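In: here is a sequence with its predicted model. Questions after.
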Protein chains: 2
Amino acid sequence: MAAIGQRNRLQYIILGLLNQRPQTGYDLTKAFENEIGEFWQAKHSQIYPMLKRLEAAGEITHEDTVTGEKLAKKQYSLTPAGHEKLVAWVTEPSPELTAIKDEFILKLYFIKTVDDPRLQPMLQEQAALHRAQLAHLRQRQTTVFPDQGAIDQAYGHYLILDHAIEREEHYVDWLEKYLAH
Amino acid sequence: MAAIGQRNRLQYIILGLLNQRPQTGYDLTKAFENEIGEFWQAKHSQIYPMLKRLEAAGEITHEDTVTGEKLAKKQYSLTPAGHEKLVAWVTEPSPELTAIKDEFILKLYFIKTVDDPRLQPMLQEQAALHRAQLAHLRQRQTTVFPDQGAIDQAYGHYLILDHAIEREEHYVDWLEKYLAH
DNA sequence: TTAAAACATGTAATTAATTACATGTTTTAA
DNA sequence: TTAAAACATGTAATTAATTACATGTTTTAA
């Protein structure tokens, strides 16, 4: 039998998010639509089954709550076993490089010459896309981290948002380097 | 019935690589270990079945060759239908942002304060990893593109290698920004 | 007051991707 | 001369991930 779930990083991300505060599957899904999504992707159809798995393994538990008249919610939180597993994961080395999938850059690879008429429109299109994403991330930064106190309380969150912003800045700079002026 | 293979970008990458020159599955696998791998990942166990699929669809063909006494190779090349499909893919817009998976950045997210004793060793470890990758990519650049003529013949390839190098440079710079000096 | 958006939770079917299994040849360096 | 590395091609089993299906509640803005 192969080592079960040898990788499976999603479980650790969920443990980490629940360590910050108890949350519902819906809340976790939203987290992947914000900063987390810049460095890992998951949809609710992957998250809900994982929550069941983690609960079955005794690493999280849930409490049923109701909003309004009858909207049922499950508020999940870490057990001591779950917390231990999270700490172990954060502590171990991360020897793997960033895995990137970028369809646009791939298309670029198949442009043979600098005067290909498709090149400039492609660069323009991507520049617009990444400028919009950059503006979005900068907006997030001012709302999520309005002052130094907010940074001090969620330093790691601040770091990854800063990283995402710098990445987009450099992506746009790179595109502009090859944009005809 | 859902649109079959609506996404499936791997097939286009293979078509693009075969458009440059006829190649074997082994050659394609090697391409994913170099620059292509910076922007898309695939193993031979995904590539060989895809080659069969593309051939069955009439988009590529192969020619059997033998190296030495009896080592059989299949040299794949594009058919006109395959070339058409490749051109259509390159021409259509690429509205999706880069998908990134970075386990280290995720771990950082769960570091709550600037004085967490795990922070600096984590940053150091990643800096070493990315500096090594950067050195590797720069080495590639000098060997693959020794002069302007090489660049002019494979401009897209030059662009993506340049992009990969800048990305690693900025990653290292970002890590150093938070490294205690 | 009402329609749309957001909140909330799940499963089924399919596809993508990795890891492991399986086998053999040729070249290179010790 | 020989062992290791690289070349070469595949399939099986498993896991990861997406898309589609399925259903209902609450809040917000027109």
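Out: Perfect, I can see it now.
In: isn't there a helix covering residue A:100?
Out: No: counting by DSSP: H, G, I helix; E, B strand; the rest coil, residue A:100 falls outside a helix, being strand.
In: now do it against chain B, distance only.
Out: 6 Å (C-beta to the nearest C-beta, to the nearest Å). C-beta coordinates here come from the backbone N, C-alpha and C atoms, glycine included.
In: now residue A:86
Out: As judged by C-beta to the nearest C-beta, residue A:86 and chain B stand 7 Å apart.
In: wait, that residue sits on residue A:19?
Out: Yes: applying C-beta atoms under 8 Å as the test, residue A:86 and residue A:19 come out as touching, 5.8 Å apart.
In: would you map the strands across chain A?
Out: In chain A, the segments counted as strands under DSSP state E are A:60-67, A:71-78, A:99-101.
In: can you add mean neighbour count and distance to DNA strand D and give the ones you listed back as CSV?
Out: Formatted as CSV, the strands of chain A follow (neighbours: other C-beta atoms under 10 Å in any protein chain shown; distance: least, C-beta to the nearest atom of the strand, whole Å):
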stretch, mean neighbour count, distance to DNA strand D
strand A:60-67, 13, 5
strand A:71-78, 16, 4
strand A:99-101, 17, 9
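In: in JSON lines, list the ones you listed along with mean pLDDT and distance to residue B:46.
Out: As requested, the strands of chain A are arranged in JSON lines below (pLDDT from 0 to 100; distance: least, C-beta to C-beta, whole Å):
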{"stretch": "strand A:60-67", "mean pLDDT": "96", "distance to residue B:46": "33"}
{"stretch": "strand A:71-78", "mean pLDDT": "96", "distance to residue B:46": "35"}
{"stretch": "strand A:99-101", "mean pLDDT": "97", "distance to residue B:46": "14"}
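In: now the spatially most distant residue from the centre of chain A. Its backbone dihedrals?
Out: When distances are taken from the C-alpha mean of chain A, residue A:115 lies farthest, 37.0 Å away, according to C-alpha atoms, centre = their mean. Dihedral angles of residue A:115 (phi, psi; degrees, to the nearest 10) stand at phi -100, psi 10.
In: ok, back up a step: can the strands of chain A go into a markdown table with extra columns for distance to residue B:139?
Out: Output for the strands of chain A, formatted as a markdown table (distance: least, C-beta to C-beta, whole Å):
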| stretch | distance to residue B:139 |
| --- | --- |
| strand A:60-67 | 46 |
| strand A:71-78 | 45 |
| strand A:99-101 | 20 |
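In: fine, thanks again, bye for now.
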